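In: Build the 3D model from these lines:
(one chain, ligands or ions: 1)
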Amino acid sequence: ARVAIVISGEGSNMAALLYASRLPTSPYEVVLVASNNPDAPGLALAAAEGVPTWSQSHRGMSREAFDDALHAALAAARPDAVALAGYMRILTPGFVEKWRGRLLNIHPSLLPLYPGLDTHARAIAAGDSSGGCTVHLVTDEVDSGDILGQLAVAIRPGDTPETLAARVRLAEHQLYPSTLGAYVSRHEDAGWIEAQVDALTA
Ligand code: GRF
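Out: Below is the predicted model of the structure:
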């Protein structure tokens, strides 16, 4: 399967997805890394690894205009699935609809707990015994589509949001490639690919 990845920043999940894709058993390849931040460190890494990149600053553009530009760049790469990896903007309903069922995100909590920001601080403040991460399908409501996979991470005495975030990040790097791989494998039948090619050219 062909996978495009959308980032805003560091891109450590993008790197995990990319390197996992280069294992001989990977069911997907990374065909594009796209960003709303031309200075995202992850873009430079992708380029160094020979992966096509696209970036455009969202500043000074309407949300719809930016999402149209992002959609066009993604569609040109003909991905079967799009993985959001630290993409820090909320997508417009029109964009989400175009990629329905093929748009995945990773979130640093055990959803449905703690959608939104500051997930680790909230888990610690609540006295939870674990935090974790979730890969889910993207819908119009933030952090709420079907859950495809989760990994729990123990919260230790003395954990700060930063120390917990660092361990959750390690878990994310395991969870995302394996969940994405399983998802595209399940869907990789001719019907799915045909349907999405039709959708892209509609
Ligand atoms: C991750 O914690 C992810 O769950 C959240 O943003 C962070 C992105 O980190 N959505 P990176 O850019 O992949 O390093």
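In: Next, count neighbours for the residue of the chain found nearest the ligand.
Out: Residue nearest to the ligand within the chain: G86 (2.7 Å; C-beta to the nearest ligand atom). Quick note: C-beta positions are derived from backbone N, CA and C, even for glycine. G86: 21 surrounding residues under other C-beta atoms under 10 Å.
In: and what of S178?
Out: Residues near S178, counting by other C-beta under 10 Å: 13.
In: which one is it nearest to, not counting chain neighbours?
Out: Counting by C-beta to C-beta, 6 or more residues apart in numbering, G149 is the residue found nearest to S178 once chain neighbours are left out, at 7.2 Å.
In: what about the longest helix anywhere in the chain, near the ligand?
Out: Ranked by residue count under DSSP state H, the longest helix found in the chain is helix 161-187. Yes. Among the residues of helix 161-187, 169, 172 lie within reach of the ligand under C-beta under 6 Å from any ligand atom.
In: How about stretch 8-27?
Out: Yes. Stretch 8-27 is in contact with the ligand by C-beta under 6 Å from any ligand atom, via 9-14.
In: Put the alpha carbons of that stretch into PDB.
Out: The C-alpha trace of stretch 8-27 is given here as PDB (Å, rounded to 0.1, in the frame of the first residue of the first chain):
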ATOM      1  CA  SER A   8       4.000  19.700  11.700                       C
ATOM      2  CA  GLY A   9       7.100  19.300  13.700                       C
ATOM      3  CA  GLU A  10       9.700  16.900  14.900                       C
ATOM      4  CA  GLY A  11       8.500  14.000  13.000                       C
ATOM      5  CA  SER A  12       9.600  11.200  15.200                       C
ATOM      6  CA  ASN A  13       6.500   9.200  14.400                       C
ATOM      7  CA  MET A  14       7.000   9.900  10.700                       C
ATOM      8  CA  ALA A  15      10.600   8.500  11.100                       C
ATOM      9  CA  ALA A  16       9.300   5.400  12.900                       C
ATOM     10  CA  LEU A  17       6.700   4.800  10.100                       C
ATOM     11  CA  LEU A  18       9.300   5.400   7.400                       C
ATOM     12  CA  TYR A  19      12.000   3.000   8.900                       C
ATOM     13  CA  ALA A  20       9.400   0.400   9.600                       C
ATOM     14  CA  SER A  21       8.300   0.700   5.900                       C
ATOM     15  CA  ARG A  22      11.800  -0.300   4.900                       C
ATOM     16  CA  LEU A  23      11.700  -3.700   6.700                       C
ATOM     17  CA  PRO A  24      11.400  -6.500   4.200                       C
ATOM     18  CA  THR A  25       8.000  -7.500   5.600                       C
ATOM     19  CA  SER A  26       6.300  -4.000   5.500                       C
ATOM     20  CA  PRO A  27       2.900  -4.000   3.800                       C
END
